[in-house]
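[1] Turn this into a structure:
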Amino acid sequence: MPGNQPLRIVLTGAECTGKSTITSRAANHFEEPFSQEYVRHYVEKLDRPLEEKDLDPIFRGQLQFEDQAFAEARHYVFHDTNLISSILYADHYFNFRRNWMKETFRKREYAAYFLCEPDIPWQVDPGQRESPEERLKLQRLFEEILERYSIPYIRLRGSIEDRLNLIVQHLRDLG
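    As a prediction, the model looks like this:
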């Protein structure tokens, strides 16, 4: 590991693709910390739909969640999404783009990205998820943004165990 810094591992993808489950399972497997998706906590506290004015606090909150988990890590820190999700959703739902967000994202180093595929059953989560059709549309957007930023990624398919095994193997190979 360069400079003995923990490696940031990101699980990304559309809604309801197993990111939260896989993130916590991988963190438990390696006995390392993980950051949750900040927007989930933010939305749960709101008594209204998200608005454009919420995007800056969500972005900053995501940074804070990531950095808190990173501070506790020894070898790895697992992120249930990261800033790229915030950038994608802000653009998709609000046509909201800020250069400082993209610049902040580009300055952060993430060692590996795992793109969770939408091949697991859809689950309703009021206020958090839209629909199985929207999930497929968002998945394409995640693939596009990863390619736009030239971010290599590994696709996670199949059962939770299959996905976890692939992460474990990849991180062992990574060193």
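
[2] Need the three-state assignment for Phe78.
    strand (DSSP: H, G, I helix; E, B strand; the rest coil).

[3] From the structure, what's the count of residues near it?
    By other CB atoms under 10 Å, the residues close to Phe78 number 28. (Each C-beta comes from the backbone N, C-alpha and C, glycine too.)

[4] Also Asp91?
    Neighbours of Asp91 under the rule other CB under 10 Å: 16.

[5] go on, Leu115?
    Leu115 has 21 neighbours, counted by other CB under 10 Å.

[6] The helix or strand that contains it pairs with which strands, and in what direction?
    Using DSSP states H and E, the element containing Leu115 is strand 112-116. Strand 112-116 has its sheet partners listed here by DSSP bridges as strand 7-12 (parallel), strand 154-156 (parallel).

[7] what ranges of this protein fall below the confidence cut-off?
    Filtered on pLDDT under 70, the chain yields the residue ranges 1-3, 122-132, 175.

[8] Mind jotting down where the helices sit in it?
    With helices called from DSSP state H, the chain shows them at 19-30, 38-45, 55-72, 83-94, 99-107, 132-148, 160-174.

[9] so which of those helices comes closest to Pro6?
    Smallest distance to Pro6 across the helices of the chain (CB to CB): 6.3 Å, for helix 55-72.

[10] packing partners for the closest one?
    Here helix 55-72 touches strand 34-35, helix 38-45, strand 76-80, helix 83-94, helix 99-107, going by 3 or more CB pairs under 8 Å, 6 or more residues apart in numbering; DSSP states H and E.
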